[in-house]
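Chemist: Kindly generate the corresponding structure for this input.
(chains A and B)
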Amino acid sequence: MQTILLVDDNSFERRALGNLLKATFLDIELEETDSGYEAMEILKKKDVDLLITDIKMPLVNGIELIKLVRNFDKKINIVVVSGYDNFEYAKKLLPFHVDNYLLKPINPLELKDTISSLLSEEKGGPEYSQVIKQVLNIIKKEYSNGITLESVADQVYLSPPYLGVLFNKETGTSFNHYLTEIRLRRAAELLKSSNIRIANIAAYVGISNPSYFNKLFKKKYDMTPAEYRKKEEV
Amino acid sequence: MRCLLLKWRNFSLRKRIFFSMIMVAIPTLLLLGSISYFQERKIETYSKDKFIEGSVLNTKTQLEDKVSDGNSVLTSLAFNNGIGRAFDQADEDFNLYDMYLFFKDIFDPVLGMIKNLNPEIKDILFFTNSPINTLRDNIHSLEDAKEFPFKNEVDYSMMPQWFIDNHNVYGLMVLPKTVALETKTAVVVVYDKNKFFANLKEYDEAVNFSILDGKTAAFKTKVNETKSFLYEGEIKGTEWKLKASLNKNAASGLGAINLTLAGILFSVFLAVLLTRFFTNLISTNFIRLNETIKKYTTSKETPLIFSTNQKDEFGQLSNEVGKMLIKLDEMNEQVYQAELEQQRSKYDVLVNQINSHFLYNTLSMINWQAIESGNVRISMAVQELSKFYRTSLNKGKSVTSLKNELENIRSYINLQLMLNDHFQVSYDFDPRIMEVTVINLMIQPLVENAIEHGFDSQKKDLEIFISAQKKEENQIEICVVDNGKGIPKAELDQILSKEGKGYGLRNVNQRIKFYFGEEYGLVLSSREGVGTAAKIILPSQIGEIKES
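Modeler: Have a look, this model is predicted:
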């Protein structure tokens, strides 16, 4: 049983996010509050594994809350959920180590991925090195830009073969496999949630050859994209 | 006259200055020239007259001197008693010895002396009826005189007489009775005609002389006949008349006059030449200034130099024009900057007017309700929409990273596809250039243009291809290519230069040039029925750029 503290002054947002979390993760205890001040009180009393907070709140705002939390708890995972992607906020939060920064309106898939990896880490699951975390982040954000092992290795200042080995060692899967996985999941989501034609979806997720995309998709989901779409529509 | 004035106005400055100077110089020169010409002519005529008068008188005097010399010789011979006595021996039986003595002591010495003193004398002849007439070669009988021009004139006279024939000039005097009573003897001095009249030829170039003996012309320096005579006078001691006429060939005597005329012509020529030179000198600066200004107005690109170290009015004018144009450029730049500033502030106002916090919160609320009701399509659309607005508004900044710009374009295309999936899109991005700095909302107008205007609803298999690649050193190229209906050539040339339909594209081009420089920007190419390609060229630079 892991505890998640949800802080948001907007009750609708808080309730909806809470419901999603509860529906997604079955064995969690959820605490929620509408103020930073109260959040501090809860944190003092309870052992919280994950703090999910908004930035813009009255009295004690998200940034101040994170500062205070980091004063006495270095280990707690923190995820920011905000409508603002203000660069100034991100800069202010840089020294306090925020695990992820999610923007409203939230993509449920993205939320799920982020929270589950943090929770499994907390449970004593695989803990990635900083550089692999960075690589995973790059893949999640830029999978559609035609990234390759080479271009990502370039970004993290490692040689491609070394990154390949390191990636394999820490995640248990190859870089390309992981990238394809992300792309296919995103494609599956789009197939489900839009009527955009398959070739355009393939292009969107960064696979320019539609038939190659079909082959990859079938390998993973055991059905063609068209079949997948038909099935999900029902 | 009016036409002339109009023509004059249309002349170039160089021509006008030239003609003005010529108009001043030439009449003055001609006036002065003609005055000097007439003056010269007057002087020359005067001096020529004087010269001719002098030469005529001189010639006459010389001739008279010769005649007088001849007269003296004749007189001295005619009045020589010794000679007279010898010739007066009328008797046939003269004493030969006496004669011998006479010739030896008197005749030969006297004649020898005279010939010595007067080398011009060719011969001295005697014609006599005295019996001694054959004793010497030069003593002839009176009868022999018939062969000479003076055949009838062998008579007594106080003064010697002068005759001329084809070759010679003869002076004749009959010994007076007081010297030789019994016989009649004439003494004749013979001169070579040409030598005798040699001095007539001295002024050959200017004056022709002729000698008239009675009515017949006895000697002429020129064969040409002349009717008008300058002078006619008798030679003292003869019956000859001296006539002088102007030599026609030399009559004009234009030596000095020609020189004057040549002088005038030369000065006119010199005036034209110098006028040209100075006109050019003066007008060059003006023409250069004019050319520079023309260049400025036609092509603004070349940096032009107006400043000059000339101190005159042209120099000042050029400097002032230069300053004026610099000011003008500054003002233009200011206006341009102000325009951009205005555009940007308009944009800023617009961005600020959109309460983004409110927008995202609202979208988030819709998203949650869609998720709760299981409507994944609405959730997806809302997410794409918020992504599109987030990257479009870009927190009010003008520049962003290529990564964000591509996210913007992808969400835009996804929304378009959600509305109506009527075209195929493909992407080709170089992942190494994702951090390159680009202008915010730079690609979207190109894609919008392709979707809204480029696509022919009749055509199937519509496609858009979007790529971002590294080109040459330090350049990236972003292409949006469609296979739509294309843009007509005439319209294509105007899209980037004129306001109106292609405002979005023009604006993209201007913004790129403003931020990155003139060498970068948007290039359009299109073929009707085939499609359109929009190409953006940018510097490959990362990080902040100066927003001037």
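Chemist: for chain A, what helix or strand is lowest in average pLDDT?
Modeler: helix A:87-93 (a mean of 75; mean pLDDT, DSSP states H and E).
Chemist: Excluding its own residues, what touches it? List them.
Modeler: For helix A:87-93, contacts defined as C-beta atoms under 8 Å, 6 or more residues apart in numbering or on different chains pick out A:55, A:63, A:66, A:80, A:82, A:101, B:395. C-betas here are computed from N, CA, C, even on glycine.
Chemist: Select only the buried ones of those in ChimeraX?
Modeler: Only the buried members of the contacts of helix A:87-93 enter the following ChimeraX selection, criterion being 16 or more other C-beta atoms under 10 Å in any protein chain shown:
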select /A:55,63,66,80,82,101
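Chemist: Per-residue confidence, B:Glu40, what does it come out as?
Modeler: For B:Glu40, the pLDDT comes out at 81.
Chemist: try the one 5 residues further on
Modeler: pLDDT for B:Thr45: 78.
Chemist: re the thing from before, ok, which pair from the contacts of helix A:87-93 is furthest apart?
Modeler: Largest separation among those by C-beta to C-beta: A:Ile66 and B:Lys395, giving 21.0 Å.
Chemist: Let's have the contacts of helix A:87-93 in CSV, adding pLDDT, secondary structure and distance to B:Ser12.
Modeler: Formatted as CSV, those follow (pLDDT from 0 to 100; DSSP: H, G, I helix; E, B strand; the rest coil; distance: C-beta to C-beta, whole Å):
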residue, pLDDT, secondary structure, distance to B:Ser12
A:Ile55, 88, coil, 76
A:Ile63, 89, helix, 77
A:Ile66, 92, helix, 81
A:Val80, 92, strand, 78
A:Ser82, 87, strand, 75
A:Tyr101, 88, strand, 75
B:Lys395, 79, helix, 62
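Chemist: remind me, longest helix of chain A?
Modeler: Criterion DSSP state H: the longest helix present in chain A is helix A:175-193.
Chemist: Find the nearest non-adjacent residue to whichever residue of the stretch 51-200 of chain B sits closest to chain A, please.
Modeler: Closest approach between the stretch 51-200 of chain B and chain A, counting by C-beta to the nearest C-beta: B:Phe51, at 114.1 Å. Excluding its sequence neighbours, the residue lying closest to B:Phe51 (C-beta to C-beta, 6 or more residues apart in numbering or on different chains) is B:Ala206, at 6.8 Å.
Chemist: can you count the residues close to that neighbour?
Modeler: 17 (other C-beta atoms under 10 Å in any protein chain shown).
Chemist: Same question for A:Glu121.
Modeler: A:Glu121 has 16 neighbours, counted by other C-beta under 10 Å.
Chemist: would it count as being in a strand?
Modeler: No. Assessed with DSSP: H, G, I helix; E, B strand; the rest coil, A:Glu121 is helix; it does not lie in a strand.
Chemist: next structured bit after the longest helix belonging to chain B?
Modeler: Criterion DSSP H: the longest helix present in chain B is helix B:13-78. Helices and strands here follow DSSP states H and E; after helix B:13-78, the next one along the chain is helix B:81-87.
Chemist: for that following helix, which positions count as buried?
Modeler: For helix B:81-87, by 16+ other C-beta under 10 Å, it's B:83-84, B:86-87.
Chemist: State the distance from B:Ser398 to chain A.
Modeler: 15 Å (C-beta to the nearest C-beta, to the nearest Å).
Chemist: For the residue nearest to that residue when sequence neighbours are not counted, grab phi and psi.
Modeler: Nearest-residue entry for B:Ser398: B:Asn440, 5.7 Å, with adjacent residues in sequence omitted and distances by C-beta to C-beta, 6+ apart. According to degrees, to the nearest 10, the main-chain angles of B:Asn440 amount to phi -60, psi 140.
Chemist: Please export the C-alpha coordinates of the least confident helix or strand of chain A as PDB.
Modeler: Taking Å, rounded to 0.1, in the frame of the first residue of the first chain, the C-alpha atoms of helix A:87-93 are listed here in PDB:
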ATOM      1  CA  PHE A  87       9.700  28.300 -17.600                       C
ATOM      2  CA  GLU A  88      10.400  30.500 -14.600                       C
ATOM      3  CA  TYR A  89       8.600  27.900 -12.400                       C
ATOM      4  CA  ALA A  90      10.600  25.100 -13.800                       C
ATOM      5  CA  LYS A  91      13.800  27.000 -13.200                       C
ATOM      6  CA  LYS A  92      12.800  27.800  -9.600                       C
ATOM      7  CA  LEU A  93      12.000  24.100  -9.000                       C
END
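Chemist: For the chain, give me the ranges with low pLDDT.
Modeler: Reading this off chain A. Low-confidence segments of chain A (pLDDT under 70): A:87, A:125, A:234.
Chemist: look at chain B instead
Modeler: Along chain B, segments meeting pLDDT under 70 span B:90-92, B:204, B:222-228, B:247-256, B:299-306, B:351, B:353-354, B:498-503, B:544-548.
Chemist: For residue 191, give me its contacts.
Modeler: Defaulting to chain A. Neighbour list for A:Leu191: A:198, A:201, A:225, A:228-229, A:232 [criterion: C-beta under 8 Å, 6+ apart].
Chemist: ah, I was thinking of chain B
Modeler: B:66, B:70, B:120-122, B:168-171.
Chemist: any idea how far it is from B:Ala145?
Modeler: B:Tyr191 sits 17 Å away from B:Ala145, going by C-beta to C-beta, to the nearest Å.
Chemist: can you check A:Gln2 too?
Modeler: Taken as C-beta to C-beta, the span from A:Gln2 to B:Ala145 is 182 Å.
Chemist: number of nearby residues for B:Ser20?
Modeler: 12.
Chemist: rewinding a little: and the longest helix of chain B, what does it pack onto?
Modeler: Packing contacts for helix B:13-78, counted by 3 or more C-beta pairs under 8 Å, 6 or more residues apart in numbering or on different chains; DSSP states H and E, involve helix B:108-117, strand B:121-128, strand B:168-174, strand B:185-192, strand B:207-213, strand B:231-234, strand B:240-246, helix B:255-298.
Chemist: Swap in 7 Å and give it another go.
Modeler: strand B:168-174, strand B:185-192, strand B:207-213, strand B:240-246, helix B:255-298 (3 or more C-beta pairs under 7 Å, 6 or more residues apart in numbering or on different chains; DSSP states H and E).
Chemist: So which of the buried residues of helix B:81-87 would count as near chain A as well?
Modeler: Checked against chain A using C-beta under 7 Å from any C-beta of the partner chain, these yield no neighbours at all.
Chemist: nearest to A:Lys22, of those residues?
Modeler: B:Ile83 (187.7 Å).
Chemist: ok, back up a step: closest to B:Met113 out of the contacts of helix A:87-93?
Modeler: B:Lys395 (146.8 Å).
Chemist: Tell me the secondary structure at the nearest residue to B:Lys485 once chain neighbours are set aside.
Modeler: Of all residues not flanking B:Lys485 in the chain, B:Asp456 sits nearest, at 4.2 Å (C-beta to C-beta, 6+ apart). Here B:Asp456 is recorded as coil under three-state DSSP.
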